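K.L.:
sharing a sequence plus its predicted fold:
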There are 2 protein chains.
Amino acid sequence: MVVKVYGPAIASASRRVLACLIEKEVEFEIIPIDFMKGEHKQPDFLKLQPFGVVPVIQDGDFMLYESRAIIRYYAEKYKTQGTDLLGKTVEERGVVEQWLEVEGQNYQPPIYNLVLHLIFHPKMGLPTDEKLMIESEEKLGKVLDIYEERLSKSKYLAGDFFSLADLSHLPFTHYLVNDIGKEYMIRDRKHVSAWWDDITSRPSWKQVLQL
Amino acid sequence: MVVKVYGPAIASASRRVLACLIEKEVEFEIIPIDFMKGEHKQPDFLKLQPFGVVPVIQDGDFMLYESRAIIRYYAEKYKTQGTDLLGKTVEERGVVEQWLEVEGQNYQPPIYNLVLHLIFHPKMGLPTDEKLMIESEEKLGKVLDIYEERLSKSKYLAGDFFSLADLSHLPFTHYLVNDIGKEYMIRDRKHVSAWWDDITSRPSWKQVLQL
């Protein structure tokens, strides 16, 4: 069964899902959703995803949205196929879940603010909130200090194995490093920098960036 | 093994964990952390939880933080003990994960803003951001409209079974209904209202509120 992924391949949440499908060796087909035409807010799409955001997957009759739910689903459904992304024990999975939550609750929000104000607001002719920019960078710096400490003790966030926790950081860190001129936030931290080089050197991520 | 839960029992994220432990019939002991004394920002606590927030659990040698990671851990570790909170199939768990993510990403943030500005800012002598209040209530209203549609088709968020997805909504909806005068947002929506009555009538939640 080829999995249908609704959403532009370059959207960050789509990239999270695509990286996971490639790691799990699951065949997929991308169904483009044109944001410029507002297709994500049309009734047909809202039937699939009532919040009007991407991605959504269709796997036979089964539909699912929320990128971090989708990656958990495939990591569990194909536990023994491709890269194991959940750890070997329930404790290892617990730690994977901990860092997945940290990514969603602490790491992504400040980068989201930076990307919104440094890339999308200028494009849309909207003002940049300078105070929010400074606060977001400070917040992110403190989070990265905690990552630096963590990654000085284990190669990956959840332990000595690459997992969903690391994978989930790829799309927004890519923005940070490549699109908004904040690569120094990664490079100023030795262990974070080595981790970033490691996880972006995976064939799955290189393939995602080509899509 | 009695699970140690570090954090005040009345903190919303602690309540999420405690409700889960009770549903799973896991014995626990609460280790109070005094926010007023700033104990959550002291070096001893930061060794357990580097972000300085509660709760953290200790289960023998195993430590874990992030409330939604902790509830997933216990729901999986004791799959067949107490209430099954993850569903019977990998697809059911997928849908549980979807609504857990919706709770963390779409539902909690606007309520958090309302609670912060209507309860904590006045206490601390800080101003209330009226524009943010209006935006947060509008955002939450739209999210609740999607919940109303969903709950018109299934008794609980993930299907016809009570799950982590529902449980995770308890602490912040409790604030909304009981502490900031916004009960009408639940009561104006027939299916959301019935769902709220249902999930708050569970003995586990009643017990949490007594702690």
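P.N.:
Alright, I've got the coordinates.

K.L.:
and A:Lys37, how far from A:His121?
P.N.:
Distance, A:Lys37 to A:His121, by Cβ to Cβ, to the nearest Å: 21 Å. The C-beta positions use only the backbone N, C-alpha and C, and glycine is treated the same way.

K.L.:
more neighbours, the two?
P.N.:
A direct count of neighbours by other Cβ atoms under 10 Å in any protein chain shown for A:Lys37 and A:His121 places A:His121 higher, at 14 against 9.

K.L.:
is it fair to say the more buried one lies in a strand?
P.N.:
No. Assignment of A:His121 by DSSP: H, G, I helix; E, B strand; the rest coil gives helix, placing it outside any strand.

K.L.:
mind checking how far the spatially closest residue to it that is not a sequence neighbour is from A:Leu118?
P.N.:
The shortest distance from A:His121 to any non-neighbouring residue, by Cβ to Cβ, 6 or more residues apart in numbering or on different chains, is to A:Thr128 (5.5 Å). According to Cβ to Cβ, A:Thr128 and A:Leu118 sit 7 Å apart.

K.L.:
before we move on, what about A:Gly141?
P.N.:
Distance of A:Gly141 to A:Leu118, computed by Cβ to Cβ: 16 Å.

K.L.:
neighbour-wise, which of these two wins?
P.N.:
A:Leu118 (17 against 13).

K.L.:
three-state assignment of the more buried one?
P.N.:
Following three-state DSSP, the label given to A:Leu118 is helix.

K.L.:
report pLDDT for it.
P.N.:
You'll see A:Leu118 listed with a pLDDT of 90.

K.L.:
next SSE after the least confident helix or strand in chain A by mean pLDDT?
P.N.:
Every helix and strand of chain A was ranked by mean pLDDT, DSSP states H and E. The lowest is helix A:121-124, at a mean of 86. Once helix A:121-124 ends, the next helix or strand along the chain (criterion: DSSP states H and E) is helix A:130-151.

K.L.:
can you give me how far that following helix is from the chain middle?
P.N.:
17 Å (Cα atoms, centre = their mean, to the nearest Å).

K.L.:
for stretch A:57-71, same thing?
P.N.:
Taking Cα atoms, centre = their mean, one finds the center of stretch A:57-71 at 15 Å from the center of the full chain.

K.L.:
buried set for that stretch?
P.N.:
A:57-59, A:62-71 (16 or more other Cβ atoms under 10 Å in any protein chain shown).

K.L.:
from these, which land in helices?
P.N.:
A:Ser67, A:Arg68, A:Ala69, A:Ile70, A:Ile71 (DSSP state H).

K.L.:
list just the nearest of those residues to B:Ala165.
P.N.:
A:Ala69 (10.0 Å; Cβ to Cβ).

K.L.:
could you report the pLDDT at the closest one?
P.N.:
Confidence score, pLDDT, at A:Ala69: 98.

K.L.:
what does A:Thr128 give?
P.N.:
84.

K.L.:
next: the one 10 residues further on.
P.N.:
Here the pLDDT value assigned to A:Glu138 is 97.

K.L.:
ok, it to B:Asn113 distance?
P.N.:
Counting by Cβ to Cβ, the separation of A:Glu138 from B:Asn113 is 20 Å.

K.L.:
looking at those two, which is more packed in?
P.N.:
B:Asn113 (18 against 11).

K.L.:
over to that one: give its phi and psi.
P.N.:
For B:Asn113, the backbone dihedrals (degrees, to the nearest 10) come out as phi -60, psi -40.

K.L.:
contacts only, for it.
P.N.:
B:Leu132, B:Met133, B:Ser136 (Cβ atoms under 8 Å, 6 or more residues apart in numbering or on different chains).

K.L.:
what does A:Glu101 give?
P.N.:
Shown in contact with A:Glu101 (Cβ under 8 Å, 6+ apart): B:Glu66, B:Arg68, B:Ala69, B:Gly104.

K.L.:
at 10 Å what do you get?
P.N.:
A:68, A:107, A:165, A:168, B:65-70, B:72, B:100, B:104 (Cβ atoms under 10 Å, 6 or more residues apart in numbering or on different chains).

K.L.:
okay, those residues in a markdown table with distance to A:Ile199 next?
P.N.:
A markdown table is the format used below for these (distance: Cβ to Cβ, whole Å):
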| residue | distance to A:Ile199 |
| --- | --- |
| A:Arg68 | 17 |
| A:Tyr107 | 14 |
| A:Ala165 | 10 |
| A:Ser168 | 10 |
| B:Tyr65 | 23 |
| B:Glu66 | 21 |
| B:Ser67 | 26 |
| B:Arg68 | 23 |
| B:Ala69 | 20 |
| B:Ile70 | 25 |
| B:Arg72 | 23 |
| B:Leu100 | 25 |
| B:Gly104 | 23 |
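
K.L.:
A:Arg93: which of those residues is nearest?
P.N.:
Nearest to A:Arg93 among the contacts of A:Glu101, with distances taken as Cβ to Cβ, is B:Arg72, at 7.9 Å.

K.L.:
show me what whichever strand or helix holds A:Ile22 is packed against.
P.N.:
Using DSSP H and E, A:Ile22 maps to helix A:12-23. Applying 3 or more Cβ pairs under 10 Å, 6 or more residues apart in numbering or on different chains; DSSP states H and E, we find helix A:12-23 packed against strand A:3-6, strand A:28-31, strand A:56-59, strand A:62-65, helix A:67-77, helix A:108-115, helix A:164-178, helix A:203-210.

K.L.:
list the buried residues of the second one.
P.N.:
To tie it back to what came earlier, the one meant is strand A:28-31. A:Phe28, A:Ile30, A:Ile31.

K.L.:
stretch A:139-159 too?
P.N.:
For stretch A:139-159, by 16+ other Cβ under 10 Å, it's A:139-140, A:143-144, A:146-148, A:150-151, A:156-159.
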